[in-house]
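K.L.:
Sequence and computational prediction follow.
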Amino acid sequence: MNKSGLTTTIETLASRRGGKCVIHCQGVIDAASAFILEKAMVEVLKEKIYKIVVDLTKVEFISSAGWGIFAGYLKEIKQHDGEIILAAMRPNIEEVFRLLELDSLIRFSGTVDEAIALIEQPPQEPSTSVVDDTIEELAIDNNKSHSEKEKTVLAEQLKENEASEEAVLTFDKLFDLFNEEKTEAVSQEEVSQVDNSREIRTELDQLDLERQRLAQERQELAEEKRRLQQERQKLREEKERLDGIIHYLDSINWFAPGKRSRLFWDIINVVREHPSYGPALILKVLKERGQLYGKSVSPSTIYRRLKSIGLNTRVQREEFIKTQKSKSFNILS
């Protein structure tokens, strides 16, 4: 559905009485979307199709602007022996339709199929000119006697003529109401119906916004869950790595004197005091303490010693020291 709240599709049908079509509408026909319906009507009339069925199955509400579109094109359609039939109106829409007395101008049916069949058989209405000719003939031949049957037919024609005149007057009032925006002529019942429909529409919009908000929160929670799972996996891998180092050190009795050279333990002592120091800084500290014992030692030598036990990076040294806080090193000085 577009931003205006209404979509229309035109289905052209073959007819033995000329072109006909079905305009399928969906959504709300109000002041903001009535132009879409009008555009569809203009497109149909441009193709010289004057037998029109309007499918209102999926229409939730029609405002006075929407009724004005139907009323506004009625005269042009009637002039070409055409007709508009409204199909499948919802109860709330049909109530307003009858309230505006549009049922005296526009036929309607319960389903689209019924409307298509109905439009092939338009009602036979006596024209005003025929009735006027009959009246004139009676005035000229005033002394002639008529049978009771003829009088009955004439009376019925006169009643239909009066009803037709009332329908024309009703149409003119509606046309003025919609085109000149005389909203004061709308009954209180229609206003109440429109207000109720607007309230329902507002509630539906609020529910839709709430649904969108919950969907957004759900998506954010899913992303946060994935992030935590990734961090958990990284921690698990780091733990496995550290456990492997500890297992290796325990297997070689890492803390026992005599298992490593004195230089090795001096390096480990510096790591304990300064886990952030790299090989170059560790070598500098050993030189300052005089713990090289006349040996030729380079930063690469210290790096190889640290790498042999998995402590060649700063992160590894800091993590290792944290895991050994509760242990006593008892390193030879």
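P.N.:
Thanks, I have the structure now. Numbers count the residues shown, from 1 in each chain.
K.L.:
Who does the longest strand along the chain pair with, and is each partner parallel or antiparallel?
P.N.:
Ordering each strand of the chain by length in residues (DSSP state E) puts strand 51-62 first. Counting by DSSP bridges, the strands paired with strand 51-62 are strand 20-29 (parallel), strand 83-87 (parallel).
K.L.:
got any ranges where the stretch 101-250 of the chain has weak pLDDT?
P.N.:
122-192, 194, 243-250 (pLDDT under 70).
K.L.:
If we use 50, what do you get?
P.N.:
Counting by pLDDT under 50, the stretch 101-250 of the chain has low-confidence residues at 126-151, 153-154, 161, 164, 168, 181-186.
K.L.:
before we move on, the earlier item: present the strands paired with strand 51-62 as CSV; the columns should include mean neighbour count, mean pLDDT and distance to Ala215.
P.N.:
Where you see a C-beta, it was placed from the backbone N, CA and C, and this is true even at glycine. As requested, the strands paired with strand 51-62 are arranged in CSV below (neighbours: other Cβ atoms under 10 Å; pLDDT from 0 to 100; distance: least, Cβ to Cβ, whole Å):
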stretch, mean neighbour count, mean pLDDT, distance to Ala215
strand 20-29, 21, 92, 22
strand 83-87, 22, 94, 36
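K.L.:
For Ser197, which of the ones you listed is the nearest?
P.N.:
Comparison of the strands paired with strand 51-62 against Ser197 by Cβ to Cβ identifies strand 20-29 as nearest, at 8.4 Å.
K.L.:
Other residues contacting that closest one?
P.N.:
1, 5-13, 33, 37, 40-41, 44, 49, 51-63, 65-66, 69, 112, 115-116, 119, 201 (Cβ atoms under 8 Å, 6 or more residues apart in numbering).
K.L.:
Quick check on those: which are buried?
P.N.:
Members of these that pass the buried threshold by neighbour count (16 or more other Cβ atoms under 10 Å) are listed as 5-6, 8, 33, 37, 40-41, 44, 49, 51-56, 59-63, 65-66, 69, 112, 115-116, 119.
K.L.:
by contact count, what packs against the helix or strand following the longest strand of the chain?
P.N.:
The C-terminal neighbour of strand 51-62 among helices and strands, as given by DSSP states H and E, is helix 64-79. When contacts are defined as 3 or more Cβ pairs under 8 Å, 6 or more residues apart in numbering; DSSP states H and E, helix 64-79 sits against strand 20-29, helix 34-46, strand 83-87, helix 148-179.
K.L.:
Could you tell me which residues within helix 64-79 count as buried?
P.N.:
Quick answer for helix 64-79 (16+ other Cβ under 10 Å): 64-71, 73-74, 77.
K.L.:
State the mean pLDDT of that helix.
P.N.:
Within the predicted structure, the mean pLDDT of helix 64-79 is 90.
K.L.:
same question, stretch 89-98
P.N.:
In this model, stretch 89-98 carries a mean pLDDT of 93.
K.L.:
contact partners of the longest strand of the chain?
P.N.:
When contacts are taken as Cβ under 8 Å, 6+ apart, the neighbours of strand 51-62 outside the stretch itself are 15, 17-30, 41, 44, 70, 77, 82-90, 92-93, 96, 112, 115-116, 119, 194, 197, 201.
K.L.:
go on, stretch 114-124?
P.N.:
Stretch 114-124 is touched from outside by 13, 15-17, 20, 22, 51-53, 81, 83, 85-87, 107-109, with contacts defined as Cβ under 8 Å, 6+ apart.
K.L.:
before we move on, the earlier item: can you redo the strands paired with strand 51-62 as TSV with distance to Asp103?
P.N.:
Output for these, formatted as TSV (distance: least, Cβ to Cβ, whole Å):
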stretch	distance to Asp103
strand 20-29	18
strand 83-87	9
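K.L.:
among those strands, which is nearest Glu231?
P.N.:
strand 20-29 (46.8 Å).
K.L.:
Helix 34-46 and the closest one, what's the angle between them?
P.N.:
Counting by axes from the mean of the first three to the mean of the last three Cα atoms, to 10 degrees, strand 20-29 points 170 degrees away from the direction of helix 34-46.
K.L.:
Using CSV, write out every CA atom in strand 20-29.
P.N.:
Once non-C-alpha atoms are left out, strand 20-29 reads as follows in CSV (Å, rounded to 0.1, in the frame of the first residue of the first chain):
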residue,chain,number,x,y,z
LYS,A,20,-17.2,-2.7,-18.7
CYS,A,21,-14.6,-3.0,-16.0
VAL,A,22,-14.0,-3.6,-12.3
ILE,A,23,-12.0,-1.2,-10.2
HIS,A,24,-10.6,-3.1,-7.3
CYS,A,25,-9.8,-0.8,-4.3
GLN,A,26,-7.9,-1.6,-1.1
GLY,A,27,-7.3,0.6,2.0
VAL,A,28,-8.9,3.9,3.0
ILE,A,29,-10.6,6.4,0.7
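K.L.:
can you offset everything so residue one is 167?
P.N.:
Taking 167 as the first residue, the last one we looked at is strand 186-195.
K.L.:
relative orientation of it and helix 230-245 in degrees?
P.N.:
Between the direction of strand 186-195 and that of helix 230-245, the angle (the same axes, to 10 degrees) works out to 170 degrees.
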